[in-house]
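>>> Turn this into a model:
(chains A and B)
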Protein chains: 2
Amino acid sequence: MTTLSITGGRVLGPDATVTRADVLVDQDTGEIVAIGDDLSGEETLDASNALVTPGFVNGHSHVAMTLLRGHADDKPLDSWLREDIWPVEAELTAEDIRIGAELGVLEMIKSGTTAFSDMYFEVEEIADVVDQAGVRALLGFTAITVGKDDEGARADMEESLEIARKLDGRADGRINTTFQPHSLTTVSEAYLDEFVPKAREAGVPIHFHANETVNEVEPIVDEHGVRPLEYATERGLLEPEDFIAHGVHVDEREIELLAETDASVIHCPASNMKLASGMAPVQKLLDAGVTVGLGTDGAASNNDLSMLDEARDAAMLGKLAADDATAVTAETVVRMMTQGSADALGLDSGQLEEGAPADLAVIDLESPHLTPRHDLVSHLVYAAAASDVRHTVCDGQVLMRDREVLTLEESAVLERAQEAAVALVGRADG
Amino acid sequence: MTTLSITGGRVLGPDATVTRADVLVDQDTGEIVAIGDDLSGEETLDASNALVTPGFVNGHSHVAMTLLRGHADDKPLDSWLREDIWPVEAELTAEDIRIGAELGVLEMIKSGTTAFSDMYFEVEEIADVVDQAGVRALLGFTAITVGKDDEGARADMEESLEIARKLDGRADGRINTTFQPHSLTTVSEAYLDEFVPKAREAGVPIHFHANETVNEVEPIVDEHGVRPLEYATERGLLEPEDFIAHGVHVDEREIELLAETDASVIHCPASNMKLASGMAPVQKLLDAGVTVGLGTDGAASNNDLSMLDEARDAAMLGKLAADDATAVTAETVVRMMTQGSADALGLDSGQLEEGAPADLAVIDLESPHLTPRHDLVSHLVYAAAASDVRHTVCDGQVLMRDREVLTLEESAVLERAQEAAVALVGRADG
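As a prediction, this is how the structure comes out:
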């Protein structure tokens, strides 16, 4: 076997324990074969003065939206989408989406993320980027039926199903897929009733936006007389493999439903704050036994894709939401950004242990903002930054070594993205 | 004159305008002498692919608390102070405080902060570090009278006054001072009535914690029958040069009082979230005409001292507090972290213009998370990180060039801080 060792560091194990250890990886299988003393591989990554963590799992993103980063801020969700985002998205070419995905995946690798779940369109372009970049992804085409005639609506739903079938298992199995009705208010009942069973037949999980704003809750209650997640359950959504993005405005009954069905929630605190959507009751969800992962959402409502920023936001907002400084602890958030997201997405990664996928990040600890080192779990959540990530490894392959990304050419990606973004906004402004 | 030029960049001017320009500095006076095309000085800082911003002004900190970073997280304010922070602080030596201040000031310089307002003790140690490091600071000794006998209480108040008198103007005028009753619940009425007039005679502004938690509001209402800021005004506090830290739980009348008196508020969003203190009504304060600055608070409740993290938190939390995604815009936050804080602290810095102090930071824009560059003001608030700061200049002197801090020896500071912090917690654990 071809081996890689990550040596001289401290390893964040399950249950947030930190121990001095080396990690040995079989690059042929992409798995961790040993964690212990004095391990050496043919290739070595230096982890001295560093913390080896599971690669972060970004549970909800629109990766190609990096091209719209900073294009329109400080607007409310509804008019922001209608006036600023959708008109520009209407101009997006397949090439733009490839370029935006390159930029987003580059940013993710540089911030220690090794897997992400994405909702967008021109998904084959995104799949190609994932394949080349070496990360894992759960991809899908996002279907919207409201405002479309039956032909258009049906085409969207078919496309979401077709893409899910077609791309599943791509990139040596690093790509899996989800079926993606955009949300409960943007896909109408009849199409859910027709296509959800087809997704089940195809064996693909379902990923959709739910309960993000009060404007997503009230129309469901008005039309169907039940809360959105009750309505979703009635429609056959919320199976154990499914996950919703946001889950901000969920009541006690909906929290119970999530726990009973074993469906997961991807919490997106930065986006929820920036769009003034509200505060998800994260501690309540966890207390009820719901699997909660963490996601950045798109770069247009964040505005970065660093899971370390998201972790800090999750810990802080979780306390405010619970009105309790002991809620959503650092240890809880570390679990959310690794195992929590991985469980939601159905991935085996998210923990460093023998036999697990070698998806990991090495965080440099030698800096003023990470000194002194009383508690590395606290540092990971409250103080570490994307720039502290020294190396990133996914599926046993080194994607970044000493801040240099090996699978994408950084300067070329940045240049292409700048040009494409300027041209795109120019076209949208007409 | 000895000159320094910052060339090839874009300059963030007043009113958040961004223009391509060079900056010329007279290092003898420490002032900006010109902003325009083709300026060259004897010394040059490269600002190509970068944004030149005013140095950030951290309006409220406890800089030496860096030694407690990550020591005790996820606890509520009251028991956190009593059980975790105060017992360790009781063990702090003057040497510890010097070492903690070195670490904190190092972190500030590396994140583009050129001035800060600090509340702590062993203030002469902190002043020495400020002098050596080359930043500006408004320093003071924090007096607490509650729980002390008259001798102890009086000694605290005298010390706060004495330190303010003694250190004012130190470090070639880079150090100014404030008189610091800790808060309205920890300094009793009689001492305020005796010492506030003395502070006025001495001509020093007053900096105190106010309305941070509901537990700071209720006792005042119960004892004095008025809200805290009404009580403060009655005691002679809230003159135009004064500023309060936090101002989370302020009602309409208190907001009016702040506007009428022209006293300022330093908003500390990260600390307010992490301690679940609440959400300051920042947009309401601004709408009423109150000067609002931005501060990190201590590293034990944040856990970093980067004003760029604080800016992101302020924009996001401000929207959530206002239930309005258009509130507390990026432009507003840029003003808060520069001019807003500078105005609160009575500093001339905070704007880049001819004749202003040459206090500035150069932010590298060439990275995935700052691509594309639709809007640099948005990037500064929502996406830029401490590690993007390329150079830091204060009073015309280069404090950091290409990430290397010139006035403090980084590796030695980190080593001393790690040792001192471990020993300190060891002593406190007994």
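
>>> Touching, A:Thr44 and A:Ser5? I think so.
Yes - using Cβ atoms under 8 Å, A:Thr44 makes contact with A:Ser5 at a distance of 5.2 Å. The C-beta positions use only the backbone N, C-alpha and C, and glycine is treated the same way.

>>> give me the number of residues near A:Cys260?
Let me fix one detail, which is that residue A:260 is Glu and not Cys. 13 (other Cβ atoms under 10 Å in any protein chain shown).

>>> gap between it and A:Glu230?
To A:Glu230, A:Glu260 is 11 Å away according to Cβ to Cβ, to the nearest Å.

>>> A:Thr44 and A:Ser5: which is more packed in?
A:Ser5 (21 against 15).

>>> what's the strand or helix carrying the more buried one packed up against?
Assigned by DSSP states H and E, A:Ser5 falls within strand A:3-7. On a contact count with 3 or more Cβ pairs under 8 Å, 6 or more residues apart in numbering or on different chains; DSSP states H and E, strand A:3-7 meets strand A:22-26, strand A:43-46, strand A:389-394.

>>> residue in the stretch 151-300 of chain A nearest to chain B?
Scanning the stretch 151-300 of chain A for proximity to chain B using Cβ to the nearest Cβ identifies A:Met273 as nearest, at 3.7 Å.

>>> ok so, going back, rounded mean pLDDT for the strand holding A:Ser5, please.
Across strand A:3-7, pLDDT averages out at 98.

>>> cool, stretch A:409-417 as well?
On average, stretch A:409-417 scores 98.

>>> Looking only at it, what residues are buried by neighbour count?
A:Glu410, A:Val413, A:Leu414, A:Arg416, A:Ala417 (16 or more other Cβ atoms under 10 Å in any protein chain shown).

>>> Please see if it touches chain B.
Yes - residues of stretch A:409-417 contacting chain B under Cβ under 8 Å from any Cβ of the partner chain: A:Glu410, A:Val413, A:Leu414, A:Ala417.

>>> could I get that stretch in CSV with only the CA atoms?
Output of stretch A:409-417 as CSV, limited to C-alpha atoms (Å, rounded to 0.1, in the frame of the first residue of the first chain):
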residue,chain,number,x,y,z
GLU,A,409,-4.4,26.2,-9.6
GLU,A,410,-5.2,29.0,-7.2
SER,A,411,-4.0,32.0,-9.1
ALA,A,412,-5.8,30.9,-12.3
VAL,A,413,-9.0,30.1,-10.4
LEU,A,414,-9.0,33.6,-8.8
GLU,A,415,-8.4,35.3,-12.1
ARG,A,416,-11.1,33.4,-13.9
ALA,A,417,-13.6,34.0,-11.1
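
>>> which outside residues touch that stretch?
A:66-67, A:99-100, A:102-103, A:106, A:404, B:366-368, B:371-372 (Cβ atoms under 8 Å, 6 or more residues apart in numbering or on different chains).

>>> Which of those residues sits closest to B:Ser188?
Taking Cβ to Cβ as the measure, B:Ser188 lies nearest B:Ser367 of those, at 51.6 Å.

>>> burial measure for the closest residue to the closest one other than its chain neighbours, as a count.
Once flanking residues are discounted, B:Ser367 sits nearest to B:Asp388: 6.6 Å by Cβ to Cβ, 6 or more residues apart in numbering or on different chains. Using other Cβ under 10 Å, B:Asp388 has 26 other residues around it.

>>> State whether B:Asp388 and B:Ile363 are indeed in contact, as I suppose.
Yes - using Cβ under 8 Å, B:Asp388 is in contact with B:Ile363, at 5.2 Å.

>>> returning to that earlier point: check which element follows the strand holding A:Ser5 along the chain.
Defined by DSSP H and E, the subsequent element after strand A:3-7 is strand A:10-12.

>>> got a list of what A:Val425 touches?
A:His71, A:Val88, B:His374.

>>> thinking again about what came up before, could you dump the helices and strands packed on strand A:3-7 into a markdown table with mean pLDDT added?
Formatted as a markdown table, the helices and strands packed on strand A:3-7 follow (pLDDT from 0 to 100):
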| stretch | mean pLDDT |
| --- | --- |
| strand A:22-26 | 98 |
| strand A:43-46 | 98 |
| strand A:389-394 | 98 |
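
>>> Adding distance to chain B, write these out as JSON lines.
Shown next, in JSON lines, are these (distance: least, Cβ to the nearest Cβ, whole Å):
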{"stretch": "strand A:22-26", "distance to chain B": "23"}
{"stretch": "strand A:43-46", "distance to chain B": "17"}
{"stretch": "strand A:389-394", "distance to chain B": "11"}
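
>>> closest to B:Ser117 out of those strands?
Once these are compared by Cβ to Cβ, strand A:389-394 is nearest, at 32.6 Å.

>>> Contacts for the closest one next, please.
A:4, A:6, A:25, A:45-47, A:50, A:55, A:109-115, A:134-136, A:174, A:308, A:358-364, A:398-403.

>>> Now, those that are in strands?
Per DSSP state E, strands hold the following members of those: A:4, A:6, A:25, A:45-46, A:50, A:113-115, A:136, A:360-364, A:398-401.

>>> For the residue nearest to A:Thr2 when sequence neighbours are not counted, give me its contacts.
Spatial nearest neighbour of A:Thr2, excluding adjacent residues (Cβ to Cβ, 6+ apart): A:Gln27 at 4.3 Å. Counting by Cβ under 8 Å, 6+ apart, A:Gln27 makes contact with A:Met1, A:Thr2, A:Thr3, A:Leu4, A:Glu43, A:Ala358, A:Gly396, A:Gln397.

>>> Could you give the secondary structure assignment for the closest residue to A:Glu234 other than its chain neighbours?
Setting aside the residues directly before and after it, A:Glu234 is nearest to A:Val226 in space (Cβ to Cβ, 6+ apart), at 7.3 Å. With DSSP: H, G, I helix; E, B strand; the rest coil as the basis, A:Val226 sits in coil.

>>> what's the neighbour count on A:Val226?
Around A:Val226 there are 15 residues (other Cβ under 10 Å).

>>> Give me the pLDDT for it.
As predicted, A:Val226 sits at a pLDDT of 98.

>>> My guess is it contacts A:Arg235. True?
No - counting by Cβ under 8 Å, A:Val226 stays clear of A:Arg235, with 10.8 Å between them.

>>> and the nearest residue in space to A:Thr329 that is not next to it in sequence, how many residues sit next to it?
Excluding its sequence neighbours, the residue lying closest to A:Thr329 (Cβ to Cβ, 6+ apart) is B:Asp74, at 4.2 Å. The number of residues packed near B:Asp74 is 24, by other Cβ under 10 Å.

>>> Then A:Arg401?
Neighbours of A:Arg401 (other Cβ under 10 Å): 16.

>>> Over to A:Gln397?
A:Gln397 has 18 nearby residues by other Cβ under 10 Å.

>>> same check, this time on A:Pro219
Quick note: A:Pro219 (other Cβ under 10 Å) scores 12 neighbours.

>>> is it fair to say it lies in a helix?
Yes - the assignment for A:Pro219 by three-state DSSP puts it in a helix.

>>> Please determine whether stretch A:93-111 lies in contact with chain B.
Yes - contact of stretch A:93-111 with chain B (Cβ under 8 Å from any Cβ) involves A:Leu103, A:Leu106, A:Glu107, A:Lys110, A:Ser111.

>>> circling back: got the contacts of A:Val425 as a markdown table, with distance to A:Val422 and neighbour count columns?
Below are the contacts of A:Val425 laid out as a markdown table (distance: Cβ to Cβ, whole Å; neighbours: other Cβ atoms under 10 Å in any protein chain shown):
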| residue | distance to A:Val422 | neighbour count |
| --- | --- | --- |
| A:His71 | 11 | 21 |
| A:Val88 | 12 | 21 |
| B:His374 | 8 | 18 |
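
>>> Just list the residues touching the residue nearest to B:Ser367, thanks.
Counting by Cβ under 8 Å, 6+ apart, B:Asp388 touches A:Ser387, B:Leu308, B:Ile363, B:Asp364, B:Leu365, B:Ser367, B:Leu370.

>>> Please apply the same query to A:Met65.
So A:Met65 contacts A:Ile85, A:Gly100, A:Gly104, A:Tyr120, A:Gly298, A:Ala299, A:Ala300 (Cβ under 8 Å, 6+ apart).
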